[in-house]
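J.: Model the following, please.
(chains A and B, ligands or ions: 2)
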Amino acid sequence: MERCDVAVIGGGVLGCFAARELSRWELDITVLEAREDVCTGISRANTAVVYPGYDHRPGTWKAEICVAANASFDRLCEELDVSFDRCGSLMLSFGPHADAVLQKKLRQGRENGVPGLRLLSAEETYRMEPSIAPGLSSALFSPTAGTVNPWQLGIAACENAVQNGARLRLNTCVVAIDREEDGFLLKTNHGDIHTRAIVNCAGLAADRVQELLHPPSVRIIPTAGDYLVLDKNSAGRPVHILEYEPEEKAKGLTVVPTVEGSILLGPTERENGVDYATAETGLTRVRELSARLLPELDLGRIIRSFAAVRPNPQHPDGSPIHSFCVEHPEERFWSLIGIKTPGLTCARELGFHVTKQLAKELAAEQKMQFNPKRRGIRRAHGLPWEERRLLAEQQPDYGEIICLCEDVTKAEVLEAIRRGAGTVDGVKRRIGTGMGRCQGARCEQKVAALISEVLGLPESSVLKDGPGSEIVRAAHENV
Amino acid sequence: MKTCKLLIVGAGAAGISAALAAWDAGCRDILLVDRASQPGGILPQCLHDGFGLAKYGKELTGPEYVMRLMEKLNRTDIVFLPKTEVLSVSGDQSAVLSRRGVVERLYFGQMILASGCREKNIGALCIGGTRPAGIFTAGQAQERINLRHQDLGDEIVILGSGDLGMIMARRFTQEGRHVIAVLEQEAHYGGMARNYHRCIEKYSIPLHCRRTVREIHGKGRVCGVTVEALDSGEREYVTCDTLITALGLIPERELVRGLEDREWLFLAGNCSRVHDLVDSAVAEAERIGRMAGRRLSV
Ligand SMILES: Cc1cc2nc3c(=O)[nH]c(=O)nc-3n(C[C@H](O)[C@H](O)[C@H](O)COP(=O)(O)OP(=O)(O)OC[C@H]3O[C@@H](n4cnc5c(N)ncnc54)[C@H](O)[C@@H]3O)c2cc1C
Ligand SMILES: Cc1cc2nc3c(=O)[nH]c(=O)nc-3n(C[C@H](O)[C@H](O)[C@H](O)COP(=O)(O)OP(=O)(O)OC[C@H]3O[C@@H](n4cnc5c(N)ncnc54)[C@H](O)[C@@H]3O)c2cc1C
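T.: Ligands and ions are numbered 1, 2, ... in the order given. All right, here's what the predicted structure looks like:
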């Protein structure tokens, strides 16, 4: 039977970082992910903001780790070779209600130790962001806020964990947990695994995974949120992250100038988070708020809509939980349950926290040769043409363009596949194919053909995304 | 340093025709570049006939139309560079070209952009629901079926009744697939009457105006769509396994963003405006090609 010291259940951004932190220790680690790839859950659909930490009550653990995580984000992204843009954020108020909210956030932030927070006048703000609608009252400027591509961060952490000895088992869903001598027996759809310890990072299913062995202590109530994405080079694109705090009692809007160059708008808040399906009403609401806040924005340049699912944690009696739930129902069993915003920002800190205690419980030794550095896939886009020429001379595939909108070459797609992308969306998450204005209409087939070629599958077996998402059928292929 | 007098980006009907006209006007040293391995742009995947009535007095298929253009091209010294992407164009009259193993910078005297269109896709529509496999743009479906002989699905809903939507409705029907409906939000179908008669009426394919898709269902693969009748607001669930979007074409000019006003730059064919008929794209391209050619030959 397969054995390991620590089984990380769930390969979202939290599981990937837990594995990376654990791989600093002399421990045999296996990540078990139910899906065909890592970062296909909450970690792929969120606001992508690295928060500065003024949203949380002073004195709370959440406030403390968010501020610390933000401060170390440049280094983290440098180690993992992931783009991070510390573009700063502006929380925008158009009246007395929101002014009061900003005042409160300023106080909280200062107490939490968020650096550089400043309240700006309307004039100062318009100078920084001329395309904001008239009528501004004040803004809270936070220079340390930033944005990162969430799934690329998670994938990078996972690759780094694997580099340092962790194992990744995809398509492996934990369905039962039994207690055994010296640990646990995990039953999966692909055989049993004996492990000495468990880190449960199962995202939306984290409550249920813990309940495979323990009585309920936290319940997850999913709600959904809708987003829109605007094409690169859109007029009226802000330079900062904008957080619009409306006067009426309603959810506002976050506008993120993403590291890819697009604009992310959202999210709404609504019931029924199932299957990451968007709601028309939600999308309409995002459009309305966007038009209200940034009148110059050309909503004709929308290229995509998507939905996120929030894992809202509750006590079994139904009352909401506001802190991060790090559950420790017994020795060597740790669960991260209902980790919402700023879970992405704090992913490394959460992994670090659990690892520190688990290493103690397992009496593990620190690894001598841990390598914190991971190299990303070498991108051709953005290089001066002479460098591209050299690259193409060394590796001819760097001359062949696969994705026209995002300027992705064949060499990069092949490298993404080599690193574990087995689906069209897996390649997309690693290298950005199909993210642009034609949404894959021109590259989907080429990417599928490369996956088919490299993995030796017929094109009719290549999936777009999860199970059952075959793109074409077997019948008369390649006649 | 690599140079040419006239650079033409895109070897579709417009690009080839512009090149020929420039040649006839006396311009030598013409480079015609296309990312595809074959010339012709959109035409090689258009296996139906209906091309060239004005120019050749008969209806050719897309590939036949290309053949005629290529016969002429082969009698000139115009250089055709296939499988080559024009990556960028700069204000100093240079372009960066990329193909397998080679990235190079090329200086040119004049440039004709003949890069065609791209299709509007579902992403722009803000439709509710999931984003499963089984959603194709009409052009993507046409290429997959006609050139790759792929099987996309059995129960088809087509959103949009432009020429492309109607042509694909016929194509799926000819392939033995069931086109449940072609949906059009306007009060009248969008394409040419000729295509309506030949593709829709002749095959008795249901075409419903004032209807649209409001929601997409299915987890891995499309399993249905919610269709709304726009006048009554009534909604109905329609079971299908494939959704084809024929939402219209957008001239593809990203390459020359910010350079549109340069006097060395010309636009020809579908990248300048959408032409319903290839002959009209060709006529425009010939005019542009002559103009650029004359400037360069003096
Ligand atoms: C709308 C929204 C916006 C957000 N915006 C931000 C933001 O801007 N900044 C920020 O810092 N944070 C943000 N967050 C929070 C952040 O996205 C999450 O905290 C983080 O992505 C959670 O990751 P995860 O690994 O827990 O979940 P997931 O990514 O869902 O990973 C869980 C994984 O577990 C797997 N799994 C489940 N059950 C099993 C099983 N039985 N066996 C094996 N595998 C299993 C699943 O397949 C899945 O891959 C946002 C969250 C939401 C919902
Ligand atoms: C499905 C369909 C059916 C049609 N049916 C008919 C019909 O029945 N009768 C009729 O008369 N007309 C028809 N038309 C219209 C007619 O075919 C088009 O108007 C005409 O072919 C457009 O030609 P073009 O050269 O402008 O564009 P395209 O044919 O699109 O050619 C553009 C070329 O530019 C290349 N390119 C673009 N950017 C770059 C770059 N950066 N680097 C390198 N290469 C690049 C592309 O690869 C492509 O080959 C139809 C059109 C379609 C799409």
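
J.: got the contact list for the top helix by length along chain B?
T.: In chain B, taking DSSP state H as the definition, the longest helix is helix B:278-297. Helix B:278-297 is contacted from outside by B:5-6, B:12-15, B:17-28, B:43, B:51-55, B:65, B:109-110, B:112, B:114, B:266-270, B:272, B:275, using C-beta atoms under 8 Å, 6 or more residues apart in numbering or on different chains. Placement of C-beta: from N, CA and C, glycine included.

J.: try 6 Å this time
T.: Under the criterion C-beta atoms under 6 Å, 6 or more residues apart in numbering or on different chains, residues B:5-6, B:13-14, B:17-18, B:21-22, B:25-27, B:51, B:54-55, B:109-110, B:112, B:266, B:268-270, B:275 lie in contact with helix B:278-297.

J.: Quick check: ChimeraX command selecting the buried ones in those residues.
T.: A single ChimeraX command suffices to select whichever of the contacts of helix B:278-297 are buried according to 16 or more other C-beta atoms under 10 Å in any protein chain shown:
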select /B:5,6,13,14,17,18,21,22,25,27,51,55,109,110,112,266,268,269,270,275
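
J.: So which of the contacts of helix B:278-297 reach chain A?
T.: Checked against chain A using C-beta under 6 Å from any C-beta of the partner chain, those give no members in range.

J.: Which of the contacts of helix B:278-297 fall within helices?
T.: If you go by DSSP H, the contacts of helix B:278-297 have B:13, B:14, B:17, B:18, B:21, B:22, B:54, B:55 in helices.

J.: what's the most distant pair in the residues you listed?
T.: B:22 and B:54 (21.5 Å; C-beta to C-beta).

J.: Isn't residue A:437 up against residue A:405?
T.: Yes - counting by C-beta atoms under 6 Å, residue A:437 does reach residue A:405; the two are 5.1 Å apart.

J.: where does chain A have low pLDDT?
T.: Regions of chain A meeting the criterion pLDDT under 70 cover residues A:475-479.

J.: so what are the domain limits for it?
T.: A:2-44+A:151-218+A:321-361, A:84-146+A:221-311, A:385-478 (automatic domain parsing).

J.: Okay, helices next: where are they in the stretch 101-250 of chain B?
T.: B:138-146, B:163-174, B:193-195 (DSSP state H, counting those that start in this stretch).

J.: buried sites along the longest helix of chain B?
T.: For helix B:278-297, by 16+ other C-beta under 10 Å, it's B:278-279, B:281-286, B:288-293, B:295-296.

J.: Determine how far it lies from the middle of the whole chain.
T.: Relative to the chain's own centre, helix B:278-297 is displaced by 19 Å; criterion: C-alpha atoms, centre = their mean, to the nearest Å.

J.: Ramachandran coordinates for the closest residue to residue B:247 other than its chain neighbours?
T.: Closest residue to residue B:247 apart from its sequence neighbours, by C-beta to C-beta, 6 or more residues apart in numbering or on different chains: residue B:120 at 4.0 Å. With angles defined as degrees, to the nearest 10, residue B:120 sits at phi -70, psi 140.

J.: Can you get me a residue count around residue B:120?
T.: 20 (other C-beta atoms under 10 Å in any protein chain shown).

J.: tell me the contacts of it?
T.: Neighbours of residue B:120 in contact, by C-beta under 6 Å, 6+ apart: B:247, B:248, B:250.

J.: Return the subset of those lying in strands.
T.: Members of these lying in strands (criterion: DSSP state E): residue B:250.

J.: In the contacts of residue B:120, which residue is surrounded by the most others?
T.: Top of those by neighbour count (other C-beta under 10 Å): residue B:247, with 20 neighbours.

J.: how close does residue B:194 sit to residue B:170?
T.: Noted for residue B:194: a distance of 12 Å to residue B:170, by C-beta to C-beta, to the nearest Å.

J.: Which stretches in chain A count as helices?
T.: Under DSSP H, chain A gives helices at A:13-22, A:61-71, A:73-80, A:96-112, A:122-128, A:150-163, A:206-210, A:280-293, A:347-361, A:385-394, A:410-418, A:424-431, A:444-455.
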